[in-house]
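Trainee: With the sequence up front, the predicted model follows.
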Amino acid sequence: MMRLFVFFLLMLTQTCSAYPALKVQLLHKSLTDGSQMMSVWIQQKLKSTEIADVHGKLDILIGTVDYTLSNIWIRQSSMSDLVMEFVEGTGVSVMVSQLSLAVTGDWATHFGLIHDGGSFDLAVHNININLLLLFSDDESGRLFISSVSCTDDVGGVDVTFHGGASVLFKPFDSKIRGIIVNTIREQICPTIKQVIDDVEMHLQEMPVKVAVDQYIDLSIPLTSSPFVTNDNIQLDIKGEFYSKISPSEPPFYAQDFDLQYTDDYMISLGVSEFFINSAAYSYFSSGVFQINIKDEMIPKSLPIHLNTRQFSIFIPQLATLYPDTEMQVLLYASETPLFFFNPGELDLHVPASAKFSAVKQDGSLVPLFRLDVDGFFSGNAQIENKRLTGAVKMNNLTLNLGSSEIGDFKTAPLEQAIKMAMSMFVLPKLNEKLKNGIPLPVLKDFSLINTNMLIKNGFVIILTDVETTPGNLSIFFWD
């Protein structure tokens, strides 16, 4: 029985640790902007496509004319409609209708000793394209996009030959038109697939580990293949921070959560408690959560300053042991601060310790005592300038004497003083750091607009639209 119980616990912890801390849903509204980008990308790519020369022979009754069509290029393209839809279990379908191309090129003929040449203009109308994209993940945890199928058909073609004895082509106009159209059609689907390949190439260049700052990194590989419905695509992302100095797994696990569906935004991002707490654990492991408080750092308006004369009000023996001596405090987190998400509110538990020392004339420190602090805080969070920021207020704080080199003393009066110092000094400093925030993962040439945050039980939902700059993206992909 005990073995079965232990096995169950092991399976439970392994399962919990596999849950993603970040979930991203690309909602149906996002396809509108995606359609505009895809339209720009396809037209840009078609205009830059190199079309191979065409060589052939024409029978003109009195003999055979050798011809060459060269320097063929798509001078202009236009598209009246591009529709993208989610396909459950697969990815996205792309439907292009009424794509038109303006094509120019040169022609040349060789009939015995007679050589001739000129140019031609070709207008291809009402090209319809159907493309199916598969969304999956690769071994490294990156998003992988591939084209499953591509079909196209051409509605109409007009061709005009200029220069030379182009009248020779008139009896064979339909044949030449067919040859050129087939040449163009052979390029359409490969060109569009190249657009997908270009996007995929840049997806593969995206890191699965991001350096947040000098202390921690963020691991963001996919934990499973994208989940596609007829309404959205959901990406499950690891979302775990690691200390650069001592990377290790935290003593807690990610819990599962479900995002709510909405039609009002382009993107829904779910952030679990584990995401924030793994950052706290990583900073704690890196030794960031500590500060040396000196008397000159305390505002003069505060009634209590760091010297034994004033602290003797709370600890009478200080005045005798170290008369009128400056003091210094090392305030640090004794355990990892932990966040708890409750509907509409963020709660924070901070276990901390404060080591008080006397500062001798030569600057050396003499340990005095250690106070253990248990603080409970609540606050709010918002998104500003692509960063998750927040503010904290104190709900409760308890103080106990952890150790002492100067004998026992009552901590209740000092607890009240510490609460005052926390409210007037420490919390403002902490809020100043929190004001800088944690950067949200945002791709190049994308910015978040119309952003809303909902705090749920155990996770936060960020609902947002995304503003893009397609022109810059085109340069990014095809510079």
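Mentor: Here it is on my side, so go on. Since the model is a prediction, treat every value here as computed from it, not as a measurement. Residues are numbered from 1 along each chain as shown.
Trainee: which residue lies farthest from the center of this structure?
Mentor: Residue farthest from the centre of the chain, counting by CA atoms, centre = their mean, is residue 62 at 68.2 Å.
Trainee: hang on, isn't residue 285 packed against residue 246?
Mentor: Yes - Residue 285 is within contact range of residue 246, at 5.0 Å (criterion: CB atoms under 8 Å). All C-beta spots, glycine's among them, are computed from the backbone N, C-alpha and C.
Trainee: And those two? Which one has more around it.
Mentor: More crowded of residue 285 and residue 246, by other CB atoms under 10 Å: residue 285, with 21 against 10.
Trainee: If you drop the residues flanking it in sequence, what lies closest to that one?
Mentor: Sequence neighbours aside, residue 243 is the residue nearest to residue 285 in space, at 4.1 Å (criterion: CB to CB, 6 or more residues apart in numbering).
Trainee: List the contacts of that neighbour.
Mentor: Neighbouring residues of residue 243 by CB atoms under 8 Å, 6 or more residues apart in numbering: 215-216, 281-283, 285-286.
Trainee: can you do 10 Å?
Mentor: The neighbours of residue 243, taking CB atoms under 10 Å, 6 or more residues apart in numbering as the test, are 215-217, 278-279, 281-288.
Trainee: Could you dump those residues into CSV and include secondary structure and pLDDT?
Mentor: Listed next are those as CSV, based on DSSP: H, G, I helix; E, B strand; the rest coil; pLDDT from 0 to 100:
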residue, secondary structure, pLDDT
215, coil, 94
216, strand, 95
217, strand, 95
278, helix, 96
279, helix, 95
281, helix, 96
282, helix, 96
283, helix, 95
284, helix, 95
285, helix, 93
286, coil, 93
287, coil, 92
288, coil, 93
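Trainee: where do the strands sit along the stretch 151-300 of the chain?
Mentor: 209-211, 216-219, 227-228, 232-237, 240-243, 267-272, 290-294 (DSSP state E, counting those that start in this stretch).
Trainee: what about those strands, which gets the closest to residue 455?
Mentor: strand 267-272 (9.9 Å; CB to CB).
Trainee: How far off centre is that closest one?
Mentor: Chain-centre distance of strand 267-272: 11 Å, with CA atoms, centre = their mean, to the nearest Å.
Trainee: List only buried entries from the contacts of residue 243.
Mentor: Among these, those scoring as buried are 215-217, 278-279, 281-286, 288 (criterion: 16 or more other CB atoms under 10 Å).
Trainee: Would you convert those residues into a markdown table that also reports distance to residue 83?
Mentor: Listed next are these as a markdown table, based on distance: CB to CB, whole Å:
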| residue | distance to residue 83 |
| --- | --- |
| 215 | 46 |
| 216 | 43 |
| 217 | 40 |
| 278 | 40 |
| 279 | 40 |
| 281 | 46 |
| 282 | 44 |
| 283 | 46 |
| 284 | 50 |
| 285 | 49 |
| 286 | 49 |
| 288 | 50 |
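Trainee: Farthest pair within these?
Mentor: Distance extremes for these: the farthest pair is 217 and 284 at 15.1 Å, using CB to CB.
Trainee: Tell me the spacing between residue 224 and residue 136.
Mentor: Going from residue 224 to residue 136 by CB to CB, to the nearest Å gives 10 Å.
Trainee: and the residue farthest from the centre of the chain, that's in a strand?
Mentor: No - counting by DSSP: H, G, I helix; E, B strand; the rest coil, residue 62 is located in no strand; its state is coil.
Trainee: Tell me who's in contact with it.
Mentor: If a contact means CB under 10 Å, 6+ apart, then residue 62 has residue 111 as its contacts.
Trainee: how close does it get to residue 176?
Mentor: Noted for residue 62: a distance of 18 Å to residue 176, by CB to CB.
Trainee: still on that earlier bit, and which of the contacts of residue 243 is nearest to residue 199?
Mentor: Closest approach to residue 199 among the contacts of residue 243 (CB to CB): residue 217, at 25.7 Å.
Trainee: Does the closest one touch residue 211 like I think?
Mentor: Yes - contact between residue 217 and residue 211 holds when scored by CB atoms under 10 Å: they sit 5.5 Å apart.
Trainee: Overlap in contacts, those two.
Mentor: Counting by CB under 10 Å, 6+ apart, the residues touching both residue 217 and residue 211 are residue 244.
Trainee: could you check the angle strand 267-272 makes with the helix or strand where residue 375 lies?
Mentor: In this assignment (DSSP states H and E), residue 375 forms part of strand 365-384. Put simply, strand 365-384 runs at 150 degrees to strand 267-272, going by axes from the mean of the first three to the mean of the last three CA atoms, to 10 degrees.
Trainee: in its sheet, what does the very next helix or strand once past strand 365-384 sit against?
Mentor: For strand 365-384, the succeeding helix or strand toward the C-terminus, using DSSP H and E, is strand 387-404. Its sheet considered, strand 387-404 pairs with strand 365-384 (antiparallel), strand 438-439 (antiparallel) by DSSP bridges.
Trainee: what are the pairing partners of whichever helix or strand comes after the shortest one, and which direction each?
Mentor: Pointing back at strand 438-439 there. Using DSSP H and E, the next helix or strand after strand 438-439 towards the C-terminus is strand 446-455. Next to strand 446-455 in the sheet, as set by DSSP bridges, lie strand 459-468 (antiparallel).
Trainee: Could I get the buried residue list for the strand it pairs with?
Mentor: Residues 459-466, 468 are the ones in strand 459-468 that count as buried (16+ other CB under 10 Å).
Trainee: can you give me the mean pLDDT across it?
Mentor: When pLDDT is averaged along strand 459-468, the result is 86.
Trainee: Export only the CA atoms of it, formatted as PDB.
Mentor: Output of strand 459-468 as PDB, limited to C-alpha atoms (Å, rounded to 0.1, in the frame of the first residue of the first chain):
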ATOM      1  CA  PHE A 459      -4.000  32.700 -12.800                       C
ATOM      2  CA  VAL A 460      -4.400  36.000 -14.700                       C
ATOM      3  CA  ILE A 461      -5.900  36.500 -18.100                       C
ATOM      4  CA  ILE A 462      -4.500  39.300 -20.400                       C
ATOM      5  CA  LEU A 463      -6.800  40.100 -23.300                       C
ATOM      6  CA  THR A 464      -5.400  42.300 -26.000                       C
ATOM      7  CA  ASP A 465      -5.400  43.400 -29.600                       C
ATOM      8  CA  VAL A 466      -2.200  43.600 -31.500                       C
ATOM      9  CA  GLU A 467      -1.100  46.400 -33.800                       C
ATOM     10  CA  THR A 468       1.300  45.500 -36.600                       C
END
